[in-house]
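Novice: Any chance you could fold what I've pasted below:
(one chain, ligands or ions: 2)
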Amino acid sequence: MSTIKPWSEVAPRLIEVAMGRAPADMVITGGQWVNVHSGEIVPETDVAILDGRFAYVGPDASHTIGDDTEVIEAEGRYLVPGLCDGHMHVESGLVTVTEFCRAVIPHGTTSMFIDPHEIANVLGLPGVKLMHDEAMDMPINVHVQMPSCVPSAPGLETPGAELGVAEVTEAMGWPNIIGLGEMMNFPGVAAGNATMLGEIAATQEAGKTVGGHYASPDLGHAFHAYVAGGPADDHEGTRKEDATARVRQGMRAMLRLGSAWYDVAAQVKAITEDGVDSRNFILCTDDSHSGTLVNEGHMNRVVRHAIAQGLRPITAIQMATLNTAQHFGLEREIGSITPGRRADLILSSDISALPIELVIARGKVMAKDGALTAEIPHRTYPEFAKNTVKLGKMLAARDFEIAAPAGANQVNARVIGVIENQAPTKALEAPLAVEGGLVQMDRENDVCQIALVERHRATGQVTNGFVSGFGYNIDCAIASTVAHDSHHMIVVGTNREDMALAANRLGEVGGGIIVVSKGKELALVELPIAGLMADERAEIVADKAQKMVEAMEACGCTLNNAYMQHSLLALVVIPEIRISDVGLVDVTTFKKVDLFV
Ligand SMILES: Nc1ncnc2[nH]cnc12
Ligand SMILES: [Mn+2]
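Specialist: Ligands and ions are numbered 1, 2, ... in the order given. Next up is the predicted model:
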């Protein structure tokens, strides 16, 4: 258990160190202090640390050095506060909280704000508690938001569990809950839905932060009503005006750079072009899969990217440290290198390229030059969190057949259009031929089938539809039990026998992602925990995921991080159109729509 003593308990000893009456545990000398409070870079600064907290930050800490003090010479390198991810889903990394932390600490991440609504949709409150308890044992600060929308859109999907005001109220009493997870049911808020407002009230009464999710381009009355309802931030903006609107209304604008959501560049223009105050902007990742974590980075990648868009380095760093801490009411615990705060600090020789050369968390050296140097014990998950894929029957090609209306020899079908590097989809229509009473795919025009296979209640139910934009051009099928947010199983394919094979195989292994073609398994990423996560190291999962990506490419896929798009096709709270166990959902009207126009 990695505990951090409260400031009040450590204060007397911090004073002794600052006065030179007692030795520090650690002193870092001669750094350039990235002061996120004043916006300055203060040269020749020393830092003294005791009991995991900063005791002294100033020009000379020699009076705090004792015989057993560990002295680290910064030699003019930048002293950067440990980086914070303001909104993320651990499950999108395909690994557990422990393995996610193991992967991101070397990138300089020392605080994470996680919304475990993914495991909540599969295992309910017990699943949230599993990740909440695991997070408390981490050597970095992993704060948990209580999921607010399980289901994400009542009546439009049937997840494996349901959460409401009672569960939120209970969780608000847990020690590591920082607030409410993203309030995705934005039409419900605008409609004054009692459950949504009850959850928000329970959060506010507990003095905690309400996370938002307003995934709509409508900045009119519905947006104003949403803000009035209480959500305090939002990460679903994609345009400059989205960011400005949120900040003007007193929300924090969370700009995300995930594996496949590139929403920083457009929105940061509100600051760089229009001069909007940056203090209410926060950087986050939302969804990073294991390959991104292992090969590109985590919050260091987001900060570098934000600087590359023209932000002053200190502004980008504020958006990933102090701004985040202030948003969650933690500015006196994390987010800056100042006395009393948790001693989370990065040493870096270049404030723009931000190479992460040393990572200190809670006063302990955790990583050097990109490699973890501290031990983090492996976490074993209980049996109830496994074998969560319940298909109820062996699926066959006929389960994926789409019957045409009687007598039709052509139909006009609604098609989900995926958009590269964006979470939203396009609602398309396509003329499709009918043969033998069955609607045919149109590989020439990149229209293949999509199916949602119900996997929580063993109903054997399959909902079929069409999708476009992946580029698959041979007989193949890709199936995944990571299918935000209800996490049934999404199967995309050009061949119905392959679709059945893919689905049945995932049922056998307890969940994951699989690519099959012409009856052969090309790649498989097993995710035994809730069908969402592996309890293996991120490097191993990333390697398997890379083979999965290459297999998708071998099937003709040309999309960047197509797996991420695949995993969002059931997310009935991001426009324009999604597939659900209730059918096709128009997410601009929040209504079920027919497959044929
Ligand atoms: N951006 C997002 N909004 C809602 N649910 C999600 N699950 C993963 N990413 C999400
Ligand atoms: Mn969201």
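Novice: and A502, which of the three is it?
Specialist: Following DSSP: H, G, I helix; E, B strand; the rest coil, A502 is assigned to helix.
Novice: from memory it sits against I490, does it?
Specialist: No. If you go by CB atoms under 8 Å, A502 and I490 don't touch, sitting 10.4 Å apart. For every residue, glycine as well, the C-beta is placed using N, CA and C.
Novice: Now the common contact residues for the two.
Specialist: Common neighbours of A502 and I490, counting by CB atoms under 8 Å, 6 or more residues apart in numbering, are A479.
Novice: what bits of this protein have low per-residue confidence?
Specialist: 1-2 (pLDDT under 70).
Novice: quick one, what contacts R537?
Specialist: Here R537 is in contact with 95, 99, 102-103 (CB under 8 Å, 6+ apart).
Novice: before we move on, back to that, which one's more surrounded, A502 and I490?
Specialist: A502 (30 against 25; other CB atoms under 10 Å).
Novice: which ones are touching that one?
Specialist: A502 neighbours (CB under 8 Å, 6+ apart): 477-479, 491, 493, 514-516.
Novice: Now, the contacts of R537 that are in helices?
Specialist: 99, 102-103 (DSSP state H).
Novice: Now render those as JSON lines, adding distance to A371.
Specialist: Formatted as JSON lines, these follow (distance: CB to CB, whole Å):
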{"residue": "E99", "distance to A371": "16"}
{"residue": "R102", "distance to A371": "11"}
{"residue": "A103", "distance to A371": "12"}
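Novice: filter the contacts of A502 down to the ones near ligand 2?
Specialist: By CB under 5 Å from the ion, no member of these lies near ligand 2.
Novice: Up against ligand 2, what does the stretch 151-300 of the chain have?
Specialist: So the stretch 151-300 of the chain meets ligand 2 at 182, 213 (CB under 5 Å from the ion).
Novice: run the last query once more with 6 Å
Specialist: Within reach of ligand 2 by CB under 6 Å from the ion, the stretch 151-300 of the chain has these residues: 182, 213, 235-236.
Novice: Save those as TSV, and put in neighbour count and secondary structure too.
Specialist: As requested, these are arranged in TSV below (neighbours: other CB atoms under 10 Å; DSSP: H, G, I helix; E, B strand; the rest coil):
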residue	neighbour count	secondary structure
E182	30	strand
H213	27	coil
H235	29	coil
E236	24	coil
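Novice: Reformat the residues you listed into a markdown table and put distance to L163 next to each item.
Specialist: Formatted as a markdown table, those follow (distance: CB to CB, whole Å):
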| residue | distance to L163 |
| --- | --- |
| E182 | 13 |
| H213 | 15 |
| H235 | 20 |
| E236 | 20 |
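Novice: Pull the distance from whichever helix or strand A367 is part of to the chain's centre.
Specialist: Assigned by DSSP states H and E, A367 falls within strand 364-368. In terms of CA atoms, centre = their mean, to the nearest Å, the centre of strand 364-368 is found 24 Å from the chain centre.
Novice: Ignoring the adjacent residues along the chain, who's closest to the residue in the stretch 451-597 of the chain that ligand 1 sits nearest to?
Specialist: Nearest residue of the stretch 451-597 of the chain to ligand 1, counting by CB to the nearest ligand atom: H484, 4.1 Å away. In space, and not counting its chain neighbours, H484 is closest to L571: 4.5 Å by CB to CB, 6 or more residues apart in numbering.
Novice: What is the burial count for that neighbour?
Specialist: Neighbours of L571 (other CB under 10 Å): 24.
Novice: and whichever residue of the chain sits closest to ligand 2, what does it touch?
Specialist: Closest to ligand 2 within the chain is H213: 3.7 Å, counting by CB to the ion. With contacts defined as CB under 8 Å, 6+ apart, H213 is in contact with 149, 182-184, 186, 231, 234-236, 573.
Novice: let's see 7 Å
Specialist: Neighbouring residues of H213 by CB atoms under 7 Å, 6 or more residues apart in numbering: 182-184, 186, 234, 236, 573.
Novice: Quick check on the residues you listed: which are buried?
Specialist: Using 16 or more other CB atoms under 10 Å as the burial test, the contacts of H213 include 182-184, 186, 234, 236, 573 as buried.
Novice: Would you map the strands across the stretch 251-400 of the chain?
Specialist: 252-256, 281-284, 345-348, 358-361, 364-368, 371-372 (DSSP state E, counting those that start in this stretch).
Novice: How about the stretch 401-550 of the chain?
Specialist: Using DSSP E, counting those that start in this stretch, strands in the stretch 401-550 of the chain cover 410-418, 425-435, 438-439, 447-453, 462-468, 477-480, 489-493, 512-517, 520-526.
Novice: Comparing those, which comes out most buried?
Specialist: Ranked by mean neighbour count, those are led by strand 477-480 with a mean of 29 (mean count of other CB atoms under 10 Å).
Novice: Given that strand, what are its sheet partners and their directions?
Specialist: Applying DSSP bridges to the sheet, strand 477-480 is found paired with strand 489-493 (antiparallel), strand 512-517 (antiparallel).
Novice: how about the shortest one, does it reach ligand 1?
Specialist: Translated: strand 489-493. No. Strand 489-493 stays clear of ligand 1 (CB under 6 Å from any ligand atom), getting no nearer than 13.4 Å.
Novice: Please save the CA atoms from that strand in CSV.
Specialist: The C-alpha trace of strand 489-493 is given here as CSV (Å, rounded to 0.1, in the frame of the first residue of the first chain):
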residue,chain,number,x,y,z
MET,A,489,-19.2,-7.3,-28.8
ILE,A,490,-18.8,-5.4,-32.0
VAL,A,491,-18.0,-7.5,-35.1
VAL,A,492,-17.1,-5.8,-38.4
GLY,A,493,-16.7,-8.0,-41.4
